[in-house]
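Peer 1: My questions are about this predicted structure, shown below with the sequence.
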Amino acid sequence: MTGPQPRPEVLGVQPYVGGESHLPGVNRTIKLSSNEGAFGAPPGALAAYHAIAEEMFRYPDGGADRLREAIGRRFGLNPARIACGTGSDDLIGLLCHAYGGAGRDIVMSEHGFMIYQIAGTASGSRVVKAPERNLTADLDAMLAAVSPSTRLVFLANPNNPTGTMVPADDVARFRAALPPDILFVLDSAYAEYIDRSDYDAGEKLVGATDNTVMLRTFSKVFGMGGMRVGWAYGPPAVIDVLNRVREAFNVSVPAQAAAIAALQEPGWVEKVRDHNTLWRARLADGLRAAGITVWSHEGNFVLADFGTPEVANAADAFLRGRGIIVRKVGGYGLPHCLRITVGTADEVGLVIETLTAFMGQRRG
């Protein structure tokens, strides 16, 4: 072949495909395919976004100092140990770039977030997937997958797309069993939705170790997926590395302003979490009543198991015919399942009604 050629492993990467937003020929589309916030962004974030419009000609604060300070105040963390990125996907890629590479392995769970595999492979690493147990990360299997070549271990907790969670004590024991030269990345994108005493998003573990980093995002409970803002909290040495390899102005002016305002919105997280807890349970109960298996769910979505790919595809087509878009997860090795975001009360009710009709039609 002639012409410039990329590194061979880059051509082995399958591009990430996000959830669909529109259906041809459908006037009203209900998008429940991307785990976006049911209520959108907080009013204060929207106001901040509009107010900053005249400043779009300015370069952003490269260090995101005000945003890091706001995150630190909100979560009781040292801003010096926080790095911001263009969504947590950006930070995942930076960590793989900095700590991965040829001859350096990355370990993740079998149905873990797809970006770990994409970013790890693109960095030149070998990505090793450890088998799960009941769609939950099997920490013993992940430990067994660790080798002298392992440099990064990713754990999404709770996990997307399975919705399963590992208790904090088990995560801490897992971290303690890992060799000290391995960077443990705890991805807590859905942390704000969890209200369980046995859960820790990662703050305690990061504070107790020098080789753990926690990832968080504004794309879920704060409803700012389109702004692309994420952050990492970790040891000073890891944050120093992230600041060395990130782009100089990686979080835009409006994104920083909106994120700061979102953190200050009174009662927002509680409102969104309470709604999600109520309607996630109702969605799961409604699907089970219709005869659909629903796995453990801890984020702002449920994983509906239809038993076979054929039935899952038929259910997806039935939903799309009524303007409802959910997420097929065959790319995660779960072709018999559909991931359904918890939307508004009306949207949840419509999903239950539609899938109940689908299952009834199949039985009839």
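Peer 2: Cool, got the structure.

Peer 1: ok, which stretches of the stretch 101-250 of the chain are strands?
Peer 2: With strands called from DSSP state E, counting those that start in this stretch, the stretch 101-250 of the chain shows them at 105-109, 126-130, 132-133, 136-137, 150-156, 183-187, 212-217, 230-233.

Peer 1: Out of the ones you listed, which gets nearest to residue 274?
Peer 2: With C-beta to C-beta as the criterion, residue 274 lies closest to strand 212-217 of the strands of the stretch 101-250 of the chain, at 20.0 Å. Using the backbone N, CA and C atoms, a C-beta is placed for each residue, glycine as well.

Peer 1: can you list the domain ranges for the chain.
Peer 2: 8-40+268-363, 44-263 (automatic domain parsing).

Peer 1: Return the most buried member of those domains.
Peer 2: Of all these, domain 44-263 has the most neighbours on average by mean count of other C-beta atoms under 10 Å, namely a mean of 19.

Peer 1: hang on, the earlier thing: can you put the domains of the chain in a markdown table and add distance to residue 2 and mean pLDDT?
Peer 2: Putting those into a markdown table (distance: least, C-beta to C-beta, whole Å; pLDDT from 0 to 100) gives the following:
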| stretch | distance to residue 2 | mean pLDDT |
| --- | --- | --- |
| domain 8-40+268-363 | 16 | 92 |
| domain 44-263 | 24 | 96 |
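
Peer 1: isn't residue 98 right next to residue 239, touching?
Peer 2: No. When contacts are counted by C-beta atoms under 8 Å, residue 98 is not listed as touching residue 239 (11.3 Å).

Peer 1: nearest residue to residue 56 other than its sequence neighbours?
Peer 2: With C-beta to C-beta, 6 or more residues apart in numbering as the criterion, residue 56 has its nearest non-adjacent residue at 6.2 Å, and that residue is residue 253.

Peer 1: Same check on residue 265?
Peer 2: Distance criterion C-beta to C-beta, 6+ apart; nearest residue to residue 265, sequence neighbours excluded, is residue 42 at 3.7 Å.

Peer 1: how much space between the one you found and residue 223?
Peer 2: For residue 42, the distance to residue 223 (C-beta to C-beta, to the nearest Å) stands at 7 Å.

Peer 1: overlap in contacts of the two?
Peer 2: Common contacts of residue 42 and residue 223 (C-beta atoms under 8 Å, 6 or more residues apart in numbering): residue 262.

Peer 1: Please list the outside residues in contact with stretch 279-290.
Peer 2: By C-beta under 8 Å, 6+ apart, the surrounding residues in contact with stretch 279-290 are 38, 294, 297, 300-302, 304, 340, 342-345, 348, 351-352, 355-356, 358-360.

Peer 1: which other residues reach stretch 80-95?
Peer 2: With C-beta under 8 Å, 6+ apart, stretch 80-95 has contacts from 64, 67-68, 71-72, 115-116, 119, 122-123, 152, 154, 183, 185, 187, 189, 206, 213, 215-217, 219, 228-236, 239, 242-243, 245-247, 250-251, 256.

Peer 1: ok, now with 6 Å
Peer 2: 64, 67-68, 71, 115, 119, 189, 215, 217, 228, 230-233, 239, 242-243, 245-246, 250-251 (C-beta atoms under 6 Å, 6 or more residues apart in numbering).

Peer 1: Can you pick out the ones from these that are in helices?
Peer 2: 67-68, 71, 115, 119, 239, 242-243, 245 (DSSP state H).
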